[in-house]
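Student: Structure for this input, please:
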Amino acid sequence: MDNLTIRPVTPDYIADIAALEALIFPDPWSEASLVSALSDENQSALCIEQDGTVAAYLLGCGVAGESEILRVATHPSFRRRGLGRALLRSFISERMNEGDSTVFLEVRASNISAIALYASCGFASFAVRRNYYRNPTEDAVMMRFDLGN
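Tutor: Residues are numbered from 1 along each chain as shown. This is a model prediction of the structure:
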C-alpha cells in the first residue's frame, strides 16, 4: 500500500466519493446524501487516498453497542491491493475501541468476491433478505462480526 493512507472522510472527499458511488453502485448515494450521512454523529467514514485521490472508502455507523457497515467500495484501478481489508480492519478496531459488540453488513448475493473478503476478515453469514436490492432485484446476504466486547 505504497503512498496510501487511511483517513477520516472530510467534506473535501465528498465529490470523489460520490463519483465512486456513481461508478460502482447501481443505486449510488448523491453528494447530498453523503453530506447528510456524515453530519450524523453516529456515522463513521474512512477513506484511503493516493496522491489526493480517493482509492477506497467505507461508510458505517454505530449505536447502542452495535455497528453496521453501510458502504465499502474500491476504485476499479485500485482493486486486489488490500484496501478493502485495511478499511474493514480499521473500522472494526474503531468500533471495538467504542465498546461495540457486533458489526453487521449486507452484501449482494452475487458479489462473491466481497463475500469472500468479508469471510476472510471474520464475518459470518447468518441470514438472507430476499429481494432486498433493486436495480437489479437481488437477495442480500446478511453477515456479522462478533467483537467479543
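Student: Against which helices or strands is the helix or strand bottoming out on mean pLDDT in the chain packed?
Tutor: Across the helices and strands of the chain, mean confidence by mean pLDDT, DSSP states H and E is lowest for strand 4-8: a mean of 85. Contacts defined by 3 or more C-beta pairs under 8 Å, 6 or more residues apart in numbering; DSSP states H and E place strand 4-8 against strand 43-50, helix 83-97. The C-beta positions use only the backbone N, C-alpha and C, and glycine is treated the same way.
Student: Need the residues that contact the last one.
Tutor: Residues outside helix 83-97 that contact it (C-beta atoms under 8 Å, 6 or more residues apart in numbering): 1, 4, 6, 44, 46-48, 55-58, 60, 62, 67, 69, 72, 74, 103, 114, 117-118, 120-121, 145, 147, 149.
Student: and if you look at stretch 54-61?
Tutor: Contacts for stretch 54-61 (C-beta under 8 Å, 6+ apart): 4, 9, 13, 16-17, 20, 34, 37, 40, 42-49, 67-75, 78, 83-84, 87-88, 90-91, 95, 103.
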